[in-house]
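1. How does the following fold in three dimensions:
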Amino acid sequence: MKYIKRTIEPQIKKAAKQFPAIVVTGPRQAGKSTLLKKLFPNHAHITFDDPSLRLSAKRDPGLFVDNLSLPVILDEIQYVPELLPYIKIVIDRDRSKNGLFLLTGSQIFPLMAGISESLAGRIAIFELLGFSWEELASTHKTAKECYARIFRGFYPVPASQRVDTQTYYASYISTYLERDIRQIQSVHDISTFQSFLQLLAARAGQLLNLVEVSKECGVSAQTARRWLSLLETTRIVYILRPYFRNITKRVVKTPKLYFTDTGLLAYLLKYPSADTIMAGPQSGAFFENMIIIEALKQKFNHGLQCELYYYQDSNHNETDLLLDYGQRFVLVEIKSTKNITAKLAGFVKHVPFKDRPAYVVSLSEHELALTPEVKAIPWQKFNLAKL
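-> Numbers count the residues shown, from 1 in each chain. Predicted coordinates:
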C-alpha cells in the first residue's frame, strides 16, 4: 500500500522536537499509527490492542514503563491510562529529552482527561481524521466524481485501495462494536445500539432531537445521551453546536449531527452505489456532511485557531457553517446544486454578523462573485486557510 503524505506531518515533527510527548487522537482506521511509524521509523512500537500487553501494563504500570525501550510509540493508550503518571515520572527525570513518548488513542474525551491530569505542559495534542481532499490530491471536479468519493469514504483503506466498501464497513462496524463499545461501557444490547446508530445516520445534517431518537429506538433518553456521548468520544459522529453568544435568546440551541466518514454513513443507510446517493433524497445531507467534516479536517491538519458552529434563529435565518476566529467570522452556506445564482447569496441578509466574508460552497465547477460580499466556490476548492 502506497503511503499518502498527511498534511499534519510538519506540525507533528515540529512538536516532537519541542515536547517530551505527543498524542494523536482520532477514530479507528484513520491512520494514526501508520503516520507515526512513517515519521519516526527508529522508535520502538507497542500496541495495546494486544490483550497480553494490556494485561501486563495494567498489572504493574511502573515496571512496564521502566522496561520500555525509548523512544517509543504507544498505540491505543486509552486502554491503559494507568501508565500516564509513570510516563510523567520518566519525563521529569530529564526534561531536555523530547519525542520520547508518541501516543495514539481512539477515545477522545477520557484520554484527554487523563492526559490533562498527568501530562499537562509535557505533551502536544493532535487529532487526525480520514483523508482530506488535499491529501488525496484530488483532481476531481464533477458532481459524479464528488459522490463517488462520498460513497467510498475517506478512511485510508477504502480511499486508497481496491477493497469492497460494503465488506470493509461491515467489518469496521463489527470491530468497533465488539472492541470499543463493549470495553468502554457496558452496552449489553448490541443490536439495539446498532439500530440507534442507524437512526442517527438517517438524521445526518439535521437538528438532533435525541428524545425522538430514543423513543424510536426503545431506550430511555438517558441511555440515548450516554450512547451519543460514546459515539462522539470515539469520533464516529461529530456534533456541530449552534452559535448563540451575545446574539439573541431566540436562536436555535439544538446541535446538528454529522458522521466523520461519509462512506460509513452510506453503509449505515444501505446505499448500494454513489449514483443512488446522488439521485436520492439525502444527496444534500451527504454533501453537507462531507463539507462540514472537511472543514474540521482542515482545522486539525493546519492547526487553525477557529471554532466551528452553525447559526439558526427562530425566524429560520441561518448559515450552515460559522467559523469563529475570535475577532473575525466567516460564513459558509452549503448547497448541493450546480446552478449558481445571486439568490444563493440571500442567506447573509438576515444573519446578525456584519463585515464578514461569506461563501457558498456548491457542486459547481466554477468560482463566481454572487454579490460584492458573497463568493461562490466549487467544493474541491474549499480551503479554510484561504477564506
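
2. Skip ahead from the lowest-mean-pLDDT helix or strand in the chain and say which helix or strand is next.
-> The weakest-scoring helix or strand in the chain, judged by mean pLDDT, DSSP states H and E, is helix 182-184 (a mean of 67). Moving toward the C-terminus from helix 182-184, the next helix or strand (DSSP states H and E) is helix 190-201.

3. what does that next one contact?
-> Where contact means C-beta atoms under 8 Å, 6 or more residues apart in numbering, the residues beyond helix 190-201 that reach it are 173, 177-178, 181-182, 187, 208, 213, 216-219, 224, 227-228, 231, 236-237, 257, 259, 265, 268-269. In short, each C-beta sits where N, CA and C put it, glycine included.

4. For it, C-alpha coordinates in PDB please.
-> Output of helix 190-201 as PDB, limited to C-alpha atoms (Å, rounded to 0.1, in the frame of the first residue of the first chain):
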ATOM      1  CA  ILE A 190     -25.500  -4.500  20.700                       C
ATOM      2  CA  SER A 191     -28.300  -4.900  18.200                       C
ATOM      3  CA  THR A 192     -30.300  -2.100  19.800                       C
ATOM      4  CA  PHE A 193     -27.100   0.100  19.800                       C
ATOM      5  CA  GLN A 194     -26.700  -0.600  16.100                       C
ATOM      6  CA  SER A 195     -30.300   0.400  15.500                       C
ATOM      7  CA  PHE A 196     -29.500   3.600  17.400                       C
ATOM      8  CA  LEU A 197     -26.500   4.200  15.100                       C
ATOM      9  CA  GLN A 198     -28.700   3.800  12.000                       C
ATOM     10  CA  LEU A 199     -31.300   6.100  13.300                       C
ATOM     11  CA  LEU A 200     -28.600   8.800  13.900                       C
ATOM     12  CA  ALA A 201     -27.400   8.200  10.300                       C
END
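
5. Would you mark the buried spots in stretch 270-288?
-> 271, 274, 276-278, 282-283, 285-288 (16 or more other C-beta atoms under 10 Å).

6. And the buried ones among the contacts of helix 190-201, selectable in PyMOL?
-> Those of the contacts of helix 190-201 that count as buried under 16+ other C-beta under 10 Å are selected in PyMOL with:
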select buried, resi 173+177+181+187+208+213+217+219+224+227+228+231+236+237+257+259+265+268+269
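
7. in the chain, which ranges drop under the pLDDT threshold?
-> 1, 109-110, 138-140, 183-186, 245-252 (pLDDT under 70).

8. in it, which spans are strands?
-> 21-25, 44-47, 72-75, 101-105, 123-127, 237-240, 256-259, 307-312, 318-324, 329-335, 358-362, 368-371, 374-378 (DSSP state E).

9. Minimum distance to E145: which of the ones you listed has it?
-> Nearest to E145, of all those, is strand 374-378, at 11.6 Å by C-beta to C-beta.

10. Next, the angle strand 358-362 makes with the closest one.
-> 30 degrees (axes from the mean of the first three to the mean of the last three C-alpha atoms, to 10 degrees).

11. which neighbours does strand 374-378 have in its sheet, and in what orientation?
-> Sheet pairing for strand 374-378, assigned by DSSP bridges, gives strand 358-362 (parallel), strand 368-371 (antiparallel).

12. Give me the residues contacting that strand.
-> 141, 340, 344-345, 348, 357-370.

13. ok so, going back, need the strands of the chain in a markdown table (columns: distance to S191).
-> A markdown table is the format used below for the strands of the chain (distance: least, C-beta to C-beta, whole Å):
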| stretch | distance to S191 |
| --- | --- |
| strand 21-25 | 29 |
| strand 44-47 | 29 |
| strand 72-75 | 30 |
| strand 101-105 | 28 |
| strand 123-127 | 31 |
| strand 237-240 | 19 |
| strand 256-259 | 20 |
| strand 307-312 | 33 |
| strand 318-324 | 34 |
| strand 329-335 | 34 |
| strand 358-362 | 38 |
| strand 368-371 | 48 |
| strand 374-378 | 42 |
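
14. Tell me which of the ones you listed lies nearest to A159.
-> Comparing those by C-beta to C-beta, strand 256-259 comes nearest, at 15.1 Å.

15. Now do the closest one: which elements does it pack against?
-> strand 237-240, helix 283-302 (3 or more C-beta pairs under 8 Å, 6 or more residues apart in numbering; DSSP states H and E).

16. what number of residues lie near V330?
-> 18 (other C-beta atoms under 10 Å).

17. Please read the previous query as pertaining to G326.
-> 8.

18. what is the closest residue to L387 other than its chain neighbours paired to in the beta sheet?
-> Using C-beta to C-beta, 6 or more residues apart in numbering and skipping residues adjacent in sequence, the residue nearest L387 is V330, 5.0 Å away. Taking DSSP bridges as the rule, V330 bridges to L323.

19. where's V330 relative to G62, distance?
-> From V330 over to G62 the distance is 49 Å, taken as C-beta to C-beta, to the nearest Å.

20. Could you do A274 as well?
-> Counting by C-beta to C-beta, the gap from A274 to G62 is 52 Å.

21. How about C146?
-> 52 Å.

22. more crowded one of those two?
-> Using other C-beta under 10 Å as the criterion, C146 and G62 rank with C146 on top: 23 against 13.

23. The more buried one and S283 touch, don't they?
-> No: counting by C-beta atoms under 8 Å, C146 sits too far from S283 to count as a contact (10.3 Å).

24. rewinding a little: tell me who's in contact with the residue nearest to L387.
-> Counted by C-beta under 8 Å, 6+ apart, V330 has contacts 322-323, 356-359, 387.

25. Next: E82.
-> 57-58, 61.

26. if we go to 10 Å?
-> By C-beta atoms under 10 Å, 6 or more residues apart in numbering, the contact list for E82 reads 57-62, 64-65, 114.

27. Same list (those) but as CSV, adding distance to G31.
-> Output for these, formatted as CSV (distance: C-beta to C-beta, whole Å):
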residue, distance to G31
A57, 24
K58, 27
R59, 31
D60, 32
P61, 28
G62, 32
F64, 26
V65, 26
G114, 23
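
28. count of neighbours near the residue nearest to K38 when sequence neighbours are not counted?
-> Using C-beta to C-beta, 6+ apart and skipping residues adjacent in sequence, the residue nearest K38 is Y3, 5.8 Å away. Residues contacting Y3 under the criterion other C-beta under 10 Å number 12.
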